[in-house]
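Peer 1: Got a sequence here, can you build the structure:
(one chain, ligands or ions: 1)
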Amino acid sequence: MEYRDLRDWIERVRDLGELRDVRAATWEEDIGRVTEMLHHTDDSPAVLFDDIPGYPSGFRILANANATRKRLALTLGLPVDIERRPLMDRFLELTEQGRALAPRVVKDGPVMENVMRGDDVDVLKFPSPQWHPLDGGRYLGTGVVDILKDPDSDWVNLGTYRVMVHDAKRVGVYISPGKHGRQFRDAYFTRREPCPILVVCGVDPLLFIASTLEVPQGVSEYDWAGGIRGEPYEVITEPVTGLPMPASAEIVLAGFLHHDKKAPEGPFGEWTGYYASGERAEPVLEVEALYHRDDPIILGVPPNKPPYEPHRYREYLRSALLLRELKAAGVPGVVDAHCFGVGGCRLLNAVSIEQRYAGHSRQAGHVAAMCRVGAYLGRIVIVVDEDIDVTDINDVMWAVVTRSDPERSLDIINRAWSGPLDPAIAPDVKGHNSRMIIDATRPWEWRDKFPIAIGPDAETKRETRKKWGHLLAPQPAREKVAR
Ligand SMILES: Cc1cc2nc3c(=O)[nH]c(=O)nc-3n(C[C@H](O)[C@H](O)[C@H](O)COP(=O)(O)O)c2cc1C
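Peer 2: From the prediction side, this is the model:
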């Protein structure tokens, strides 16, 4: 790896020419607005906000971190000029189970530079932004890693679950139903036991990405990301909770969630592009200990209308994981898969296959809709033939409108896994949703008689571009000659 922690990563991004420093942007308005602009602009830089009015110089926020393929490649330790499919293939190799590396426990690290306990805890010392105008509060935790442990085993789970500031010593943590952290939390609550938790705001970007992805059941994201890095993460056993905290984290809040201590959380601008889950009573973390580095950096990944920053990297990584899960489920002939950013990499996924037998395309569609990567808050899965480019929404929709016929091509799955964030489900019945599988492959029974597509095929296209691509280069405008 070319970097050791978030700070090192920022310097490597500076070397690539993809970092901008911004001073004096306000937490009330500017930072949220600028981040939205960056999220919705292709190839936009990462931005480090400093000198935020009302806060000490050096208390910084990093936004738009992994918005380009170059920066994602840097995060994964891959060549920065890598193309889409090699990136996905290398990512899958790096996350093969045998590579996982458990973290190494150390006694000290930069996160211990500032330690506050009890009365000294002050979460308001950080410049948490108001990311969207209608948010119910300031969110310190957006690019956050929440660390919880299974009460019945040694499994330590890292998940990105948002964190809203209530006051100097209390924050609210929202975890959607079904997420691993929620299953752990609920297991403590059922026993009326306090649930230990660490909230990490600002951490090595690879560990953050791991905490946002569907890492296999029972596998700690520490081990999984350590395997990609080829080196164990260093962790310190946090004294209040006994949980492992990253030694080079920027900010860590430690304490417990309780089944009977809740406060209103939200509304918050969410990844579907709406303030959909509104305001609900959610568990409060009473912060018992606070740790931070000198001049801490908050990693800011606030949701915006999709596609926004994480979708730019999740299009590669979730698509790769979907490919792996289809193959693991025994679906043969899978050529490619794509989780579209416009659907937040969840609501609209496409799979291409080389059809081998009757029923094959439906099998691919149903597995894609219900495997671990596809199950939570999905909506539409489209299955296409191998000649369709699954990353090109025009190509995929062309297949839908020319190869499918609604009467024979649609399946609906009812009562699937959804939750409060689903904007299409009425507020009082949220929990389940349905899925549509669109089989946009040539019908198996008469595939040989299906009209021949005009083409050209991908190879012919490449040849034409090689020979004739110069015609597409911009020409200088010819000056008008006065007559
Ligand atoms: C930027 C970002 C923010 C997220 N915020 C939340 C959140 O507030 N609550 C939640 O339950 N999931 C959230 N997620 C999704 C989870 O982090 C994701 O599903 C992850 O796989 C959960 O880990 P788990 O599978 O170990 O539970 C977020 C994802 C991203 C990329």
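Peer 1: list the helices and strands the longest helix that the chain contains packs on?
Peer 2: If you go by DSSP state H, the chain has its longest helix at helix 309-328. Counting contacts by 3 or more CB pairs under 8 Å, 6 or more residues apart in numbering; DSSP states H and E, helix 309-328 packs against helix 69-76, helix 84-94, strand 334-339, strand 348-353, helix 360-370, helix 372-375. Every C-beta, even on glycine, is put in place using the N, C-alpha and C of the backbone.
Peer 1: Try it again at 7 Å.
Peer 2: helix 84-94, strand 334-339, helix 360-370, helix 372-375 (3 or more CB pairs under 7 Å, 6 or more residues apart in numbering; DSSP states H and E).
Peer 1: Now Asp122: closest residue in space, sequence neighbours ignored.
Peer 2: With sequence-adjacent residues excluded and distances taken as CB to CB, 6 or more residues apart in numbering, Asp122 is closest to Ala168, at 4.8 Å.
Peer 1: burial measure for the one you found, as a count.
Peer 2: 13 (other CB atoms under 10 Å).
Peer 1: do Pro86 as well
Peer 2: Neighbour tally, Pro86, other CB under 10 Å: 12.
Peer 1: still on that earlier bit, quick one, what contacts the residue nearest to Asp122?
Peer 2: Val121, Asp122, Val123, Leu124 (CB atoms under 7 Å, 6 or more residues apart in numbering).
Peer 1: returning to what we had before: which outside residues touch the longest helix of the chain?
Peer 2: By CB under 7 Å, 6+ apart, helix 309-328 touches 39, 64, 66-67, 72, 84, 87-88, 91-92, 209, 212-214, 301, 334, 337-339, 341, 344-345, 349, 351, 364, 367-368, 371-374.
Peer 1: Determine the three-state secondary structure at Phe189.
Peer 2: Under DSSP: H, G, I helix; E, B strand; the rest coil, the three-state class of Phe189 is helix.
Peer 1: Let me know how buried it is, in neighbour terms.
Peer 2: 16.
Peer 1: any idea how far it is from Gln183?
Peer 2: Note on Phe189: its distance to Gln183, by CB to CB, to the nearest Å, is 11 Å.
Peer 1: Run through the contacts of helix 309-328 and flag the ones next to the ligand.
Peer 2: Thr212, Leu213, Glu214, Val301 (CB under 6 Å from any ligand atom).
Peer 1: Buried residues in stretch 70-88, which are they?
Peer 2: Lys70, Arg71, Leu72, Ala73, Leu74, Thr75, Leu76, Leu78, Ile82, Leu87, Met88 (16 or more other CB atoms under 10 Å).
Peer 1: Check the gap between the residue nearest to Val163 when sequence neighbours are not counted and Lys262 for me.
Peer 2: Once flanking residues are discounted, Val163 sits nearest to Gly141: 2.6 Å by CB to CB, 6+ apart. From Gly141 over to Lys262 the distance is 17 Å, taken as CB to CB.
Peer 1: Between those two, which is the more surrounded one?
Peer 2: Gly141 (28 against 14).
Peer 1: does the more buried one really touch Thr160, like I thought?
Peer 2: No. Here Gly141 does not reach Thr160: they are 8.3 Å apart, not a contact under CB atoms under 7 Å.
Peer 1: Next, the nearest residue to Pro194 once chain neighbours are set aside: secondary structure please.
Peer 2: Counting by CB to CB, 6+ apart, Pro194 lies nearest to Phe256, which is 3.8 Å off, once chain neighbours are set aside. Of the three states, Phe256 takes strand under three-state DSSP.
Peer 1: Burial check on Phe256, number of neighbours?
Peer 2: 19.
Peer 1: Then Arg192?
Peer 2: Counted with other CB under 10 Å, Arg192 comes out at 9.
Peer 1: Tell me who's in contact with it.
Peer 2: His259.
Peer 1: Tell me the confidence at it?
Peer 2: Here the pLDDT value assigned to Arg192 is 97.
Peer 1: Residue numbering should commence at 71 henceforth.
Peer 2: Done: numbering now begins at 71, and the last item shifts to Arg262.
Peer 1: Tell me if it really is in a strand.
Peer 2: No. With three-state DSSP as the criterion, Arg262 is assigned coil and is not in a strand.
Peer 1: gap between it and the ligand?
Peer 2: According to CB to the nearest ligand atom, to the nearest Å, Arg262 stands 23 Å off from the ligand.
Peer 1: Val185 now?
Peer 2: Distance from Val185 to the ligand, by CB to the nearest ligand atom: 27 Å.
Peer 1: ok, how many other residues are close to the residue nearest to Ile368 when sequence neighbours are not counted?
Peer 2: Distances taken as CB to CB, 6+ apart put Ile131 closest to Ile368, at 4.7 Å, once the chain neighbours are dropped. By other CB under 10 Å, the residues close to Ile131 number 28.
Peer 1: how about the nearest residue to the closest residue to the ligand within the stretch 271-420 of the chain, chain neighbours excluded?
Peer 2: Closest approach between the stretch 271-420 of the chain and the ligand, counting by CB to the nearest ligand atom: Thr282, at 3.6 Å. Closest residue to Thr282 apart from its sequence neighbours, by CB to CB, 6+ apart: Thr230 at 4.6 Å.
Peer 1: Now do the one you found: how many residues are near it, please.
Peer 2: There are 24 residues near Thr230, going by other CB under 10 Å.
Peer 1: ok, now which ones touch it?
Peer 2: Taking CB under 7 Å, 6+ apart, one finds Val214, Val215, Asp216, Ser281, Thr282 in contact with Thr230.
Peer 1: between those residues, which has the most around it?
Peer 2: If you rank those by neighbour count (other CB under 10 Å), Val215 sits at the top with 29 neighbours.
Peer 1: Please, which helix or strand holds it?
Peer 2: strand 214-219 (DSSP states H and E).
Peer 1: of the buried residues of stretch 140-158, closest to Lys536?
Peer 2: Ile152 (21.4 Å; CB to CB).
Peer 1: thought the closest one was touching Ala143?
Peer 2: Yes. Taking contacts as CB under 7 Å, Ile152 lies within contact range of Ala143: 5.1 Å.
Peer 1: of all the contacts of Thr230, which two lie farthest apart?
Peer 2: Asp216 and Thr282 (11.0 Å).
Peer 1: Need the nearest residue in space to Pro490, chain neighbours excluded.
Peer 2: Nearest to Pro490 is Ser347, by CB to CB, 6+ apart, at 3.8 Å.
Peer 1: I am finished for the moment; much appreciated.
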